[in-house]
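*Asks:* Kindly generate the corresponding structure for this input.
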Amino acid sequence: MKNILIIGLGHIGGSLALGLKKKFKNVFNFYGIDISLQTLTKSHKKIGFLKKCLFGNKEEKLIIESSDIIFICVEPTSIEKILTKISSYNVKKGVIVSDVASTKKDILKSARKIFKKKKINFVGGHPIAGTEKNGFSSATSDLFEDKIYIQSGEIATKKQIGAINNLWRKLGSKVYTIDVKSHDKVFAYLSHLPHALSFCLNSLALKKIGKKRIDNLGGSSYKDYSRISSSSSLLWSDIFLSNSSNLIASLNESILFLEKLKLALKTNSRSKIADLIKP
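*Replies:* Numbering: from 1, shown residues only. Below you'll find the model as predicted:
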């Protein structure tokens, strides 16, 4: 049987491991690598990895070199380091490395630079399925059902790209392909800006109103919009930095909109407010 390795067993990586094990129990062997012994212990009980190890341990080399497919499920700023580590080992011919990061341009650039000499295959990916939860304890085997998976950026053949895409289809995802430049611009608006604004809203509300009043008086609109502000601040700091130019552009446009709204409020102009907020 072929071997699938998941590096990083948090909310996304853990869910990917659980989902793949559920769908392909008798097709693949599953390996796991994580920086947390506690996470490895929990995930091994649920998934039953054939091999598992802490990141950086001696077993890591054997596991990486034995793998046919490697999924990197860590924060964007750590991916280059892992690509470099994979490249330093004598990996299998035809091994496919993939990721799940929400930014793609810089990661593809790193993969091209690092994997060029070793001719290692890379298929960039981004499942649109995360929640505000984090860690393996929040992982679930059905996280990707009826969700979108975007394949973006590759150093691979059509057959290898198809192999990764088919795994995501088996998990219940609808697969789209987008170039890396378009991907990062699109998700600056569809994901990164909404998170930034949600963090802003929650920060201001806590400061000006207080948690007790928020809990007692906050309605569904506040709860819906502020929900994602409970996402990992460290993870989202990494995501913001990995797509900073696109996020800055979207923030500048948001600031311009708010300035126009503020001016319309100051001049008591109902028509200007209506023009601004209409779809």
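
*Asks:* Number of residues surrounding residue 238?
*Replies:* Residue 238 has 20 neighbouring residues, counting by other CB atoms under 10 Å. Quick note: C-beta positions are derived from backbone N, CA and C, even for glycine.

*Asks:* where's it relative to residue 199, distance?
*Replies:* To residue 199, residue 238 is 14 Å away according to CB to CB, to the nearest Å.

*Asks:* Sketch out the strands for the stretch 1-150 of the chain, chain order is fine.
*Replies:* 2-7, 28-34, 51-54, 69-72, 96-99, 121-128, 148-155 (DSSP state E, counting those that start in this stretch).

*Asks:* and the ones you listed, which is most packed in?
*Replies:* Most buried of the strands of the stretch 1-150 of the chain, by mean neighbour count (mean count of other CB atoms under 10 Å): strand 96-99, with a mean of 27.

*Asks:* tell me which strands and helices that one is in contact with?
*Replies:* Packing contacts for strand 96-99, counted by 3 or more CB pairs under 8 Å, 6 or more residues apart in numbering; DSSP states H and E, involve strand 69-72, helix 76-88, helix 105-115, strand 121-128, helix 158-170.

*Asks:* Dump it to PDB, restricted to CA.
*Replies:* Taking C-alpha atoms only, strand 96-99 is exported to PDB below (Å, rounded to 0.1, in the frame of the first residue of the first chain):
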ATOM      1  CA  ILE A  96       3.700  14.400  -4.300                       C
ATOM      2  CA  VAL A  97       3.900  17.200  -1.800                       C
ATOM      3  CA  SER A  98       0.800  19.300  -1.200                       C
ATOM      4  CA  ASP A  99      -0.300  22.000   1.300                       C
END
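
*Asks:* Counting neighbours, what do you get for residue 145?
*Replies:* 12.

*Asks:* Enumerate every residue touching it.
*Replies:* For residue 145, the contact set (CB atoms under 8 Å, 6 or more residues apart in numbering) comprises 171-173.

*Asks:* and if we set it to 7 Å?
*Replies:* If you count contacts by CB atoms under 7 Å, 6 or more residues apart in numbering, residue 145 has them with 171-172.

*Asks:* distance of it from residue 21?
*Replies:* Residue 145 sits 15 Å away from residue 21, going by CB to CB.

*Asks:* Same question for residue 261.
*Replies:* 49 Å.

*Asks:* which one of these two has more residues nearby?
*Replies:* residue 21 (18 against 14).

*Asks:* now the helices and strands packed on strand 96-99 in JSON lines, with distance to residue 227 and mean pLDDT?
*Replies:* Listed next are the helices and strands packed on strand 96-99 as JSON lines, based on distance: least, CB to CB, whole Å; pLDDT from 0 to 100:
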{"stretch": "strand 69-72", "distance to residue 227": "27", "mean pLDDT": "98"}
{"stretch": "helix 76-88", "distance to residue 227": "22", "mean pLDDT": "95"}
{"stretch": "helix 105-115", "distance to residue 227": "27", "mean pLDDT": "96"}
{"stretch": "strand 121-128", "distance to residue 227": "16", "mean pLDDT": "97"}
{"stretch": "helix 158-170", "distance to residue 227": "25", "mean pLDDT": "98"}
